[in-house]
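**Q** The following block contains a protein sequence and its predicted model.
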Amino acid sequence: MSEQQENPIRDAVTSAIAENEVILFMKGTPDTPACGFSARTVGILQSLGVPFAAVNVLPDPRIREELSAVSQWPTIPQLFVGGELIGGCDIVTEMFETGELAEVLGVDSPQEAPVTPAVAGGGTMQIENRVS
Amino acid sequence: MPDAADIKARIEAAIPGARAEVEDWTGGGDHFRATVSAPAFAGLSRIQQHRLVYGVFGGEIGGPIHALSLTTISE
């Protein structure tokens, strides 16, 4: 195995980060999040009204492995804006509360508290809005 | 399986001057919540502060430690 071997999953991860201004790697989908941390992060982004791409890491464990190798960040969700890692649920929540997240995203802070979508118990996992 | 006291001890041992408060969020020994303050965080971004703490546990995060929710405070 040479180090030059092709790594299509890593390439897809880095391209998705580069090509989407706001992209969330999460467990499940925005409509059916599969983890409370992903659900809360989706709720915050939706309350800010910014369009975002979402990649479900659950269908293939290699997505998560390659993502963490690229981002040097061990947990899911991971939010990227303009190609830069903003953070996971804790940092996104903290930045939302201080208004920094709205600033980074170039929007106004919402008047109403975010609504966290219900966590789905299972079901089909799909990648949504993913740039292929 | 790690417990909250182990996690606290490991963070405080690994990061000089760190003080950590750790709770087992769900009681199941795999979802923890920690507030860590340390002089070592000074001048670091939030991302870098969290990476420093995650780095204490390496591959255990996402493995045996399913989640470690963090609040970091620079001193």
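**A** Cool, the structure landed. Numbering: from 1, shown residues only, chains lettered A, B, ... in the order given.
**Q** And the strands in chain A?
**A** With strands called from DSSP state E, chain A shows them at A:22-26, A:53-56, A:78-81, A:84-87.
**Q** Parallel or antiparallel, list what pairs with the third one.
**A** When pairing is defined by DSSP bridges, strand A:78-81 lines up against strand A:22-26 (antiparallel), strand A:84-87 (antiparallel).
**Q** Can you tell me which of these is packed in deepest?
**A** Mean neighbour counts were compared across the strands paired with strand A:78-81 using mean count of other C-beta atoms under 10 Å in any protein chain shown; the top stretch is strand A:22-26, at a mean of 24. All C-beta spots, glycine's among them, are computed from the backbone N, C-alpha and C.
**Q** can you redo the strands paired with strand A:78-81 as TSV with distance to B:Glu23 and mean pLDDT?
**A** TSV is the format used below for the strands paired with strand A:78-81 (distance: least, C-beta to C-beta, whole Å; pLDDT from 0 to 100):
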stretch	distance to B:Glu23	mean pLDDT
strand A:22-26	25	98
strand A:84-87	21	97
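**Q** Looking at those strands, which is nearest to B:Pro64?
**A** With C-beta to C-beta, the closest approach to B:Pro64 among the strands paired with strand A:78-81 belongs to strand A:22-26: 21.7 Å.
**Q** In chain B, where is pLDDT below threshold?
**A** Scanning chain B for pLDDT under 70 picks out nothing.
**Q** Tell me, how many residues neighbour the closest residue to chain A within chain B?
**A** Among the residues of chain B, B:Ile61 lies closest to chain A, at 4.1 Å counting by C-beta to the nearest C-beta. Neighbouring residues of B:Ile61 were enumerated by other C-beta atoms under 10 Å in any protein chain shown; the total is 20.
**Q** List the contacts of the closest residue to it other than its chain neighbours.
**A** Counting by C-beta to C-beta, 6 or more residues apart in numbering or on different chains, B:Ile61 lies nearest to A:Pro74, which is 4.1 Å off, once chain neighbours are set aside. Neighbour list for A:Pro74: A:68, B:54, B:59, B:61-62 [criterion: C-beta atoms under 8 Å, 6 or more residues apart in numbering or on different chains].
**Q** Can you classify the nearest residue to B:Ala4 once chain neighbours are set aside as helix, strand or coil?
**A** For B:Ala4, the nearest residue in space outside its immediate sequence neighbours is B:Val22; the separation is 4.3 Å by C-beta to C-beta, 6+ apart. Three states are possible here, and by DSSP: H, G, I helix; E, B strand; the rest coil the one that applies to B:Val22 is strand.
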